[in-house]
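K.L.:
Could you work out the structure for the sequence below:
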Amino acid sequence: MKTISLDAIDRKILKYLVKNARMPFLEIARECGISGAAIHQRIHKLTDAGVILGSYMVVDPKMLGFDVCAHINISLKDPQQLQQVIDELQKIPEIVEAHFITGKGSIQVKLYCLDNEHLMRTVYDKVLCIPGISATETIISLREVFRRPLAVEFIDDLPTKRR
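P.N.:
Residues are numbered from 1 along each chain as shown. Predicted coordinates for the structure are as follows:
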């Protein structure tokens, strides 16, 4: 995967957006000392380059009744079936993330369920029914201790564009 070099203004824009994705572009422009049009162009460039993937609201699943968060390590029967398995996992609404992993299994998914019964039904009736999956290991999260976006301190360490 190709990385992109960012200048000081790009890094400053990213720092503001990571802290508050809803910050008005004109306010960012004022803070950066450039025009609103320039901010729009730079954010469009960063989006097109794949640096900015989008923005979204963070909803607390527990407040909606999803009391169980779990991670499932998934082992495959045949690595050639990887894409088909991923396509099927994407159809399961309880799954909110999927990662290729090293160690035990090939894929790890994160999911939210209403309770342990819902988790069991999801694992047995949805995940284990997918052709190509040979085994799963489910880890239940007792409590999320913190969540954060990319630390803005790291943005200062990104490569600088050379002119």
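K.L.:
Tell me how many other residues crowd Ala98.
P.N.:
By the criterion of other CB atoms under 10 Å, Ala98 has 18 neighbours. C-beta here means a position set from N, CA and C on the backbone, and glycine is covered the same way.
K.L.:
That one contacts Gly105, correct?
P.N.:
No - look at Ala98 against Gly105 with CB atoms under 8 Å: they stay out of range, at 11.5 Å.
K.L.:
Who is Cys113 paired with across the strands?
P.N.:
Under the criterion DSSP bridges, Cys113 forms beta bridges with Val68.
K.L.:
tell me the contacts of it?
P.N.:
66-68, 70, 94, 119, 122 (CB atoms under 8 Å, 6 or more residues apart in numbering).
K.L.:
And these, which is closest to Leu53?
P.N.:
Checking those against Leu53 by CB to CB gives Glu94 as the nearest, at 22.1 Å.
K.L.:
Show the pLDDT at that closest one.
P.N.:
pLDDT recorded at Glu94 is 97.
K.L.:
What number of residues are in the vicinity of the residue lying closest to it once chain neighbours are set aside?
P.N.:
Setting aside the residues directly before and after it, Glu94 is nearest to Leu111 in space (CB to CB, 6 or more residues apart in numbering), at 4.3 Å. A total of 26 residues lie near Leu111 under the criterion other CB under 10 Å.
K.L.:
Equivalent analysis for Tyr112, please.
P.N.:
Per other CB under 10 Å, the neighbour tally for Tyr112 reads 21.
K.L.:
Tell me who's in contact with it.
P.N.:
Counting by CB under 8 Å, 6+ apart, Tyr112 touches 61, 66, 68-69, 94, 96.
K.L.:
Tell me the spacing between it and Arg143.
P.N.:
Using CB to CB, to the nearest Å, Tyr112 is found at 14 Å from Arg143.
K.L.:
if we look at the worst-scoring helix or strand of the chain on mean pLDDT, which residues are touching it?
P.N.:
Of all the helices and strands that make up the chain, helix 152-155 has the lowest average by mean pLDDT, DSSP states H and E, namely a mean of 70. If you take CB under 8 Å, 6+ apart as the criterion, helix 152-155 is touched by 11, 14-15, 18-19.
K.L.:
Mark which of those residues are buried, thanks.
P.N.:
11, 14-15, 18 (16 or more other CB atoms under 10 Å).
K.L.:
before we move on, back to that, got the buried residues for the least confident helix or strand of the chain?
P.N.:
Buried, per 16+ other CB under 10 Å, within helix 152-155: Ile155.
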